[in-house]
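# Okay, predicted coordinates and the sequence, questions at the end:
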Amino acid sequence: PPPPAPRRVPWQLIVPAGIFAAALVVAVAAVVLFTRTGDGAPGSRPGASSSATGSSPAARGSAPPGYRLYQGSSFTAAVPQGWKEDAEGDDVTFTDPADGVTRGLAFQRLGSSFQNPGEGLASAIGQMKNDKDAYPDFKQEKFDRGVPYKYTPAAELQFTFTKNGTPGRTRVRVFEAGGVLYQVLLATDRAHWDESVEYYEQFLRSLTMRS
């Protein structure tokens, strides 16, 4: 008899366990990143000189004022100076240690999928809406299945939530490069949203994937 057709598994945006301690969909990644806070040590404010640690050193190269050029295992991008990083393999999170600010950026490898980025994000949105406990006060603001980007196809989602009484907002872009899906995610308290979006957009503009 002919072999059975492959089962189409619903695609979830998975967060690496080594960074966030659990394999979760994108909204939980945002909530956890949102609640990661720095120790506010002197000299760790945005705009201060900073160098990367661990196996993915930062390269002193052409980055806009207030940024440094980060070289990861699979990409290079401009990130705000002074932000702390937590890297494991291809996945890196960057968090602002400044007092009174809760925000961060994450770059994550999602792997291969039968679905394109737009279908994957649509599936994630359905899960977020249906699980009120995991995604507190989830509210979709924007969803674009066809975002022009140097790595295509790309899709982008923006949503709000509340964690520990603090209103938060997240924007995530999912794109494909070399047959692999990746996501870039910004999570921040809503009071600092406008200024934080520029960090996200600068990261995407400067992002260069390694072959």
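Ah, there it is. On a predicted model such as this, the values are computed, not experimentally measured, just so you know. Numbering: from 1, shown residues only.
# now Lys129, nearest residue through space, not along the chain?
Nearest residue to Lys129 in three dimensions, chain neighbours excluded: Phe138, at 6.4 Å (C-beta to C-beta, 6 or more residues apart in numbering). All C-beta spots, glycine's among them, are computed from the backbone N, C-alpha and C.
# What about the one you found, how many residues nearby?
By the criterion of other C-beta atoms under 10 Å, Phe138 has 21 neighbours.
# how close does Gly111 sit to Asp144?
22 Å (C-beta to C-beta, to the nearest Å).
# Ser196 contacts Thr102, correct?
No - contact between Ser196 and Thr102 fails when scored by C-beta atoms under 8 Å: they sit 9.9 Å apart.
# okay, and the common contacts of those two?
In the contact map built from C-beta atoms under 8 Å, 6 or more residues apart in numbering, the residues linked to both Ser196 and Thr102 are Thr188.
# quick one: contacts for the residue nearest to Lys129?
Taking C-beta under 8 Å, 6+ apart as the criterion, Phe138 is in contact with Ala27, Met128, Lys129, Lys132, Phe159, Thr160, Phe161.
# what about the strands in this structure?
Using DSSP state E, the strands of the chain run over residues 58-59, 67-71, 75-80, 84-88, 91-95, 103-111, 139-144, 154-163, 166-177, 180-189, 208-209.
# Redo the ones you listed as TSV? Include mean neighbour count, mean pLDDT and distance to Glu119.
As requested, those are arranged in TSV below (neighbours: other C-beta atoms under 10 Å; pLDDT from 0 to 100; distance: least, C-beta to C-beta, whole Å):
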stretch	mean neighbour count	mean pLDDT	distance to Glu119
strand 58-59	16	38	35
strand 67-71	20	95	30
strand 75-80	22	95	24
strand 84-88	18	85	27
strand 91-95	23	87	22
strand 103-111	22	85	13
strand 139-144	12	93	12
strand 154-163	21	87	8
strand 166-177	21	87	10
strand 180-189	23	87	11
strand 208-209	14	93	22
